[in-house]
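Peer 1: after the sequence you'll find the predicted model.
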Amino acid sequence: MTSSSGTLFRITTFGESHGGGVGVVVDGCPPRLAIEVGDIQADLDRRRPGQSRLVTQRDEADTVEILSGIFEGHTLGSPIAMLVRNTDARSDSYDHLKDVYRPSHADYTTDAKYGIRNWKGGGRASARETIGRVAAGAIARKLLATAADVEVLAWVQAVHHTDATIDGATVTRDDIEADPTRCPDPAAAAAMTTAIEQARRDGDSLGGVVACVVRNMPVGLGEPVFHKLEADLGSAMLSLPATKGFEIGSGFAATRMTGLEHNDPFEPGDGGRPRTTTNHSGGVQGGISNGEDLRFRTAFKPTATISSPQDTVDSAGNAVELAARGRHDPCVLPRAVPMVEAMTCLVLADHLLRHRAIDLLPPIA
């Protein structure tokens, strides 16, 4: 089972949902980066359970402990280890799942692949594993902002049948955080809230779409041919729990456009760098960032754990009816926003370091 990601800015996450804790080791972060525990905790607070009535009521403070790699408010250049302890697991809520495969979960596939699984809370397949990613992403975010003034913002674009109208060029963090749905369109947010609360009452769940914009993007990030920027972003997003789709720029809508409609014309820009008048490419051309805003969307399925009865089987192949117990999100979208931002920051920090590693010599005259 692989638990590492990245080339130069590399992370390894560890821990299970109902074990002693979860965390991450960050390797490759440059030294002398100013970072405080509050920078990391702020993003973990946005991911943690129990933050609103729309999400799971598991009561975890998700307080981060920095074990190594940071001294007197700066990174040392050595591995950064961070731990968040589990304090409200309530593992007995999962006793009835010991020999039962939950529909659309990783229970059966994990058992089939490894011949063993941690049935308490789903083990490594639980979304609680993303704590390590979000903690590491906070460091990557600080690196991007310090080294290149990069800003990464994600928000809930759609839940079930409700789509928001958002101007990605002007949306702010305050706009996104103004509502528990993390949708900065007030009318859409109200409709999403109603739908999520109804799904919870019905013992059901809802999916949707998280959109992301990255501003002040450097030119040149991406490593063709197998590590194009959109390829690594897609891999990162689809590694998140409950994800089912990724599209960048115009995405699948490009299939309904002509080349003349879809091409992004160039015009002279400040400092001699060309700019595009449209951004159907989503800020990436040929697998390399062109300096325009990076724009993409990630689709999340409805939460697999629901309280309504479902048909399934146990490990012996017997048919059983399952009604899940425990505390679960009726919609993962609000808490997925900081996860999408974290994975974006991790990919971009890695590619920024990789690009600067080859950008040593002056251009050929």
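Peer 2: Received it, and whenever you're ready, just let me know what you need.
Peer 1: so what strands line up beside the host helix or strand of residue 321?
Peer 2: Assigned by DSSP states H and E, residue 321 belongs to strand 319-322. Here strand 319-322 has these sheet partners by DSSP bridges: strand 310-313 (antiparallel).
Peer 1: and the partner strand, what's its mean pLDDT?
Peer 2: The average pLDDT for strand 310-313 rounds to 95.
Peer 1: what's it in contact with?
Peer 2: Outside strand 310-313, the residues that touch it by C-beta atoms under 8 Å, 6 or more residues apart in numbering are 100, 101, 102, 103, 319, 320, 321, 322, 323. The way it works is simple: take the backbone N, C-alpha and C, and place the C-beta from them, glycine included.
Peer 1: doesn't residue 304 make contact with the fourth one?
Peer 2: Yes. When contacts are counted by C-beta atoms under 8 Å, residue 103 is listed as touching residue 304 (6.8 Å).
Peer 1: which one's more surrounded, those two?
Peer 2: residue 304 (19 against 15; other C-beta atoms under 10 Å).
Peer 1: residue 19: how many residues sit nearby?
Peer 2: Using other C-beta under 10 Å: residue 19 sits among 18 other residues.
Peer 1: residues touching it, list them.
Peer 2: Per C-beta under 8 Å, 6+ apart, neighbours of residue 19: 86, 118.
Peer 1: Three-state assignment for it, please.
Peer 2: coil (DSSP: H, G, I helix; E, B strand; the rest coil).
Peer 1: distance check, it against residue 7.
Peer 2: Distance of residue 19 to residue 7, computed by C-beta to C-beta, to the nearest Å: 28 Å.
Peer 1: please apply the same query to residue 331.
Peer 2: Residue 331 is 34 Å from residue 7, by C-beta to C-beta.
Peer 1: so between the two, which is more surrounded?
Peer 2: More neighbours surround residue 331 than the other of residue 331 and residue 7, with 28 against 14 (other C-beta under 10 Å).
Peer 1: if that one is in a bridge, with which residues?
Peer 2: residue 206.
Peer 1: could you do residue 298 as well?
Peer 2: Per DSSP bridges, the residues bridged to residue 298 are residue 210, residue 246.
Peer 1: OK, contacts around the closest residue to residue 225 other than its chain neighbours?
Peer 2: Of all residues not flanking residue 225 in the chain, residue 287 sits nearest, at 7.1 Å (C-beta to C-beta, 6 or more residues apart in numbering). By C-beta under 8 Å, 6+ apart, the contact set of residue 287 is 222, 223, 224, 225, 227, 228, 229, 230, 231.
Peer 1: ok, the spatially closest residue to the first one that is not a sequence neighbour - contacts?
Peer 2: In other words, residue 222. Spatial nearest neighbour of residue 222, chain neighbours left out: residue 229 (3.4 Å); criterion: C-beta to C-beta, 6+ apart. The contact partners of residue 229, by C-beta under 8 Å, 6+ apart, come to 221, 222, 223, 284, 287, 288, 289, 294, 347, 351.
Peer 1: and if you look at residue 61?
Peer 2: Residue 61 makes contact with 48, 87, according to C-beta under 8 Å, 6+ apart.
Peer 1: how about a cut-off of 6 Å?
Peer 2: Neighbour list for residue 61: empty [criterion: C-beta atoms under 6 Å, 6 or more residues apart in numbering].
Peer 1: same question, residue 160
Peer 2: Residue 160 neighbours (C-beta under 6 Å, 6+ apart): 195, 206.
Peer 1: for it, report the pLDDT, please.
Peer 2: 98.
Peer 1: please, which helix or strand holds the nearest residue to residue 24 once chain neighbours are set aside?
Peer 2: Among residues not flanking residue 24 along the chain, residue 132 sits closest, at 3.1 Å (C-beta to C-beta, 6+ apart). Here residue 132 sits within helix 130-148, counting by DSSP H and E.
Peer 1: tilt between the next helix or strand after that helix and helix 130-148?
Peer 2: Tracing the chain past helix 130-148, the next element assigned as helix or strand by DSSP H and E is strand 151-159. Angle, strand 151-159 to helix 130-148, by axes from the mean of the first three to the mean of the last three C-alpha atoms, to 10 degrees: 140 degrees.
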